[in-house]
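In: My questions are about this predicted structure, shown below with the sequence.
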Amino acid sequence: MKLKHSILIFAAATALTFSSCYYDSEEELYPGTAGGNCDTTAVSFSATIQPILAANCNSCHNATVANGGVVTDNYDALMNPVNAGVFHKAINHLPGAVPMPFNGQKLPPCELMKINAWINQGALDN
């Protein structure tokens, strides 16, 4: 009986040791494939960028709050940090800007790729 309990405890401990949960980012789990199958060919401000900003930025960077003097809830105001290069640096967590989201993780790789593609394509109001 004692041997059965010992075997059962050993089996349970072994199972717990080899089956653990973890919450790594996609970039850490799959280096070199950030964004996966991210389509950046048809990126537009209204259909692609605005929804990303609405979900991640506008609550802190809108015409009413405007943290850091940055407004992301309308195209004209957004163009100031975009043209200055600060927006790109902030969302990509690069030197020269406060990383955004503030005190948070970078946006998902595909969202960053879409925003960067939009900027690289001229940051059009389309």
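Out: Received the coordinates, thanks. Everything numeric in this text was worked out from a predicted model, so none of it was measured.
In: Point out where the protein drops to low pLDDT.
Out: 1-6, 8-36 (pLDDT under 70).
In: try 50
Out: Applying pLDDT under 50 to the chain picks out residues 16, 20-24, 27, 30-32.
In: quick one: residue 56 and residue 7, what's the gap?
Out: Look at residue 56 and residue 7: by Cβ to Cβ, to the nearest Å, they are 51 Å apart. No exception for glycine: its C-beta is placed from N, CA and C like everyone else's.
In: Which one's more surrounded, the two?
Out: When neighbours are counted by other Cβ atoms under 10 Å, residue 56 and residue 7 differ, and residue 56 comes out ahead with 18 against 10.
In: wait, what's in contact with the more buried one?
Out: Residues near residue 56 by Cβ atoms under 8 Å, 6 or more residues apart in numbering: 101, 107, 111.
In: which stretch of helix or strand covers the most centrally placed residue in the chain?
Out: Residue closest to the average C-alpha location in the chain (Cα atoms, centre = their mean): residue 107, at 0.9 Å. Assessed by DSSP states H and E, residue 107 sits outside every helix and strand.
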